[in-house]
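Chemist: only geometry, no sequence info:
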């Protein structure tokens, strides 16, 4: 009862002192969330917008929570946590980072990457190159069971070797294939990032003289560099 009263009071406060925010409320929030929750999420979105952060991921997170039947407090907490991750991502990638990079960086941080990795990855790629794909691959690898530090080293090693977006996609594809075939996720990621076939199971090894398919072009360059811990 007390919590409900507090939320109602907060909504009235927002309605009284932040009419501009409420007027700018995303219609999707108003149609899917209760008034107090919509007002809180709208305030977080407005704050992110003022800070130059991507806002669509915040709206999506709130709507995702609503679709899953999450309670108001959990929805607001999830949106607030994502706003913090977006802030940390932008700080690590630099003020000039594009929105897709900032969003991907937040996903990588949530997956367990260190903010320092984002900074080093940004420095390892050409200034005009996005880091959206490598960061997305990192998060995907972790989701496949690769330890966060192993995935981070693999992605950073490829970036320092001059990998293209296609190389990162190839790494993900081959690691996923190795894992499905029975290779331990950590070993698959470590070996594939160096342009080597996974050794478990033996059927994954290429025939004699066959080219290794992981990260074509960049994989050989990456093997000349030592593994770097993010």
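Modeler: Received it, and whenever you're ready, just let me know what you need. Owing to the predicted nature of the structure, the values given are computational and were not obtained by experimental measurement.
Chemist: Give me the longest helix you can find in this protein.
Modeler: Ranked by residue count and defined by DSSP state H, the top helix of the chain is helix 72-93.
Chemist: Now do the buried residues in that one.
Modeler: Neighbour counts over helix 72-93 (16 or more other CB atoms under 10 Å) mark 72, 75-76, 78-80, 82-83, 85-90, 92-93 as buried. For every residue, glycine as well, the C-beta is placed using N, CA and C.
Chemist: Which strands and helices lie in contact with that helix?
Modeler: Helices and strands touching helix 72-93, by 3 or more CB pairs under 8 Å, 6 or more residues apart in numbering; DSSP states H and E, are helix 35-50, helix 56-67, helix 99-111, helix 115-124.
Chemist: which one of those is the most hemmed in?
Modeler: Highest mean neighbour count of the helices and strands packed on helix 72-93: helix 99-111, a mean of 23 (counted as mean count of other CB atoms under 10 Å).
Chemist: Touching it from outside, list them.
Modeler: Contact partners of helix 99-111, identified using CB atoms under 8 Å, 6 or more residues apart in numbering, comprise 53-54, 57, 82, 85-86, 88-90, 92-93, 97, 115, 117-118, 122, 130-133, 135-136, 138-139, 142-143, 148, 151.
Chemist: if you set the cut-off to 6 Å instead, what comes out?
Modeler: With CB atoms under 6 Å, 6 or more residues apart in numbering as the test, helix 99-111 has contacts from 54, 57, 85-86, 88-90, 93, 118, 130-132, 135-136, 138-139, 142.
Chemist: The buried residues of helix 72-93: which two are farthest apart?
Modeler: 72 and 93 (31.7 Å; CB to CB).
Chemist: roughly how far apart are residue 101 and residue 167?
Modeler: In this view, residue 101 and residue 167 are 18 Å apart by CB to CB, to the nearest Å.
Chemist: Please disregard the earlier target; I meant residue 113.
Modeler: Residue 113 sits 19 Å away from residue 167, going by CB to CB.
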